[in-house]
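# Take a look and give me a structure for this.
(one chain, ligands or ions: 1)
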Amino acid sequence: MTNSTTGAIEGPRPARPQELPEIIDLLNKWIRVARGNEPTIARDWGFIYSPANAENVMIMTAGGRIVASTGIWANDVRLGSAQLRVGGINCVLTDPEYRHHGLGMRVMNACHERMIELGCHLGLLGTRIPNWYRRLGWEYAGVSRTYELNRGNIEFLPELPAGLTAEGAGLEAVDEIVALREAFPLGGIRTSETFCALLTARKLSEFFVVRQNGQVAAYLLPSATHIYEWAGPPALVAGLIRAWFDRVDDRSVSTSTRREERIPLCLERATLSAPAAAISPLTYLLDGLHMPGSIDYIGMIRLLDPRGIFEAFGRHDVRVQMDEETITVARGRRSVTLNLCQAAKLVFGPEAIADGEIDLKPVPLCQWSLEHV
Ligand SMILES: CC(C)(COP(=O)(O)OP(=O)(O)OC[C@H]1O[C@@H](n2cnc3c(N)ncnc32)[C@H](O)[C@@H]1OP(=O)(O)O)[C@@H](O)C(=O)NCCC(=O)NCCS
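Numbering: from 1, shown residues only. The predicted model follows:
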């Protein structure tokens, strides 16, 4: 495609550091301001649109002007003894003037290649236009749990051991929490700097922690009614959840009064995110207590290195053959050939995609919502 007024279309190619301000302006214009929001891309996603990550932002230009962009953020996640590299996809955008000419798909295909170069095992994204991504091999997959907490069930959780008290903590606790997350590895690997950048993107800055011998022994990252993430020994985290609920649930508030806009004045329910039980002892504990909850997908997934995924989990009995359109997975004498979308579910669940054809349990995946870009 060429346009007489704007010049030849070029790319896709990685961005240069000096192009980042133009990319941020483009994203702010169409993803923030045009939707009635503040131009916050630099604050929200500064770690993606930074000089160090510029070569992981794929762009196309028209007459030298940037008209399409997609950011990649590679994040290593720990899942029990396994570790996978997840390529998060951020701010997929084509300037409205240039839409419906295949630029978006070309940029995404370039992102797939770049993520493979980066050693990513899978790509992960959240979207409101899933069918557009399905054509590019993406599909909803992976298991994320959400538990319900309320006055009627919170007391089933164990209390914190006598002598331990829960307390709020601010960003000064980040180094200690990073060390705790290292001791209880689940989800994305973070430095203190990355952690602070992720918190800034979500406008979060308050933790709830319990200390033992002066050190943070368990933590929660809560908003008003939801616990985004946590780490620590499961019984201690459960006790901390109970202590947090008791703190935010003000029982002196009238329970029959509502504001006109129907917002309840007291806490009616809170929720907690958790990964699948196979890699999360807290999930196992909550399931053992029959705490109610729901299952959702982690997001849309694009398999990039399925063989590497099975190897990371020590599943050397699984053989994988991949071409452009299909993946053949074999175990023993049985095998199944699937398209990329179906294969994402075969690998990460939750749907039992080829149950009758091959005896293969999905592998667990955890990326906390803070790490979703
Ligand atoms: C989503 C978005 C990035 C797509 O960009 P794009 O450059 O128009 O993408 P494509 O041209 O590859 O695909 C768009 C459509 O054009 C069609 N198309 C592709 N090449 C075409 C061509 N040469 N002629 C006509 N149509 C074409 C595609 O099949 C697709 O059809 P669909 O709308 O039925 O799905 C763009 O609409 C956008 O920026 N939206 C706002 C931001 C957004 O929602 N981003 C996604 C958030 S996760």
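
# how close does the residue nearest to Thr194 when sequence neighbours are not counted get to Gly88?
Of all residues beyond its chain neighbours, the one nearest Thr194 is Phe47 (6.7 Å), with distances taken as CB to CB, 6 or more residues apart in numbering. In short, each C-beta sits where N, CA and C put it, glycine included. Relative to Gly88, Phe47 is positioned 11 Å away (CB to CB, to the nearest Å).

# So for those two, which residue has more residues nearby?
Gly88 (22 against 18; other CB atoms under 10 Å).

# mean confidence score for the host helix or strand of that one?
Assessed by DSSP states H and E, Gly88 sits inside strand 82-94. Across strand 82-94, the average pLDDT comes to 98.

# That one pairs with which strands, parallel or anti?
Strand 82-94 has its sheet partners listed here by DSSP bridges as strand 65-79 (antiparallel), strand 122-125 (parallel).

# close to the ligand, is it?
Yes. Interface with the ligand: strand 82-94 contributes Val92, Leu93, Thr94 (CB under 6 Å from any ligand atom).

# thinking again about what came up before, which pLDDT value goes with the residue nearest to Thr194?
93.

# From Asp175, how far off is it?
Noted for Phe47: a distance of 18 Å to Asp175, by CB to CB.

# What's the local residue count around the closest residue in space to Gln321 that isn't next to it in sequence?
Distance criterion CB to CB, 6+ apart; nearest residue to Gln321, sequence neighbours excluded, is Thr328 at 4.3 Å. Neighbourhood size, Thr328 [other CB under 10 Å]: 14.

# Which of the helices or strands spans Thr328?
strand 326-331.

# Just give me how far that strand sits from the chain centre.
Relative to the chain's own centre, strand 326-331 is displaced by 27 Å; criterion: CA atoms, centre = their mean, to the nearest Å.

# now swap in stretch 340-355 and tell me
Mean C-alpha position of stretch 340-355 versus that of the full chain (CA atoms, centre = their mean) differs by 19 Å.

# For it, measure first residue to last.
End-to-end distance for stretch 340-355: 17 Å, by CA to CA, to the nearest Å.

# Would you indicate which residues of stretch 232-244 are buried?
Going by neighbour count (16 or more other CB atoms under 10 Å), the buried part of stretch 232-244 is Gly232, Pro234, Ala235, Leu236, Val237, Ala238, Gly239, Leu240, Ile241, Arg242, Ala243, Trp244.

# hang on, the earlier thing: which residues are common contacts for Phe47 and Gly88?
Shared contacts of Phe47 and Gly88, defined by CB atoms under 8 Å, 6 or more residues apart in numbering, comprise Trp73.

# Skipping its backbone neighbours, what lies nearest Thr225 in space?
Ala270 (4.7 Å).

# I'd like to know how many residues surround the nearest residue to Pro275 once chain neighbours are set aside.
Nearest non-adjacent residue to Pro275, counting by CB to CB, 6+ apart: Cys366, 3.7 Å away. As a burial measure, Cys366 scores 28 neighbours (other CB under 10 Å).

# so the closest residue to the ligand within the stretch 201-350 of the chain, which of the three states?
Relative to the ligand, the nearest point of the stretch 201-350 of the chain is Met300 (8.9 Å; CB to the nearest ligand atom). Following DSSP: H, G, I helix; E, B strand; the rest coil, the label given to Met300 is strand.

# From here on, call the first residue 42.
In the new count, where the first residue is 42, that last one comes out as Met341.

# residue contacts, it?
For Met341, the contact set (CB under 8 Å, 6+ apart) comprises Leu165, Leu166, Gly167, Thr168, Pro171, Tyr174, Trp179, Glu180, Tyr181, Ala182.

# how does it look with 6 Å?
For Met341, the contacting residues are Leu166, Tyr174, Trp179, Tyr181, by CB atoms under 6 Å, 6 or more residues apart in numbering.

# Not counting its neighbours along the chain, what's nearest it?
That would be Trp179: by CB to CB, 6+ apart, it lies 4.3 Å from Met341.

# Distance-wise, check the one you found relative to the ligand.
Trp179 is 10 Å from the ligand, where distance means CB to the nearest ligand atom, to the nearest Å.
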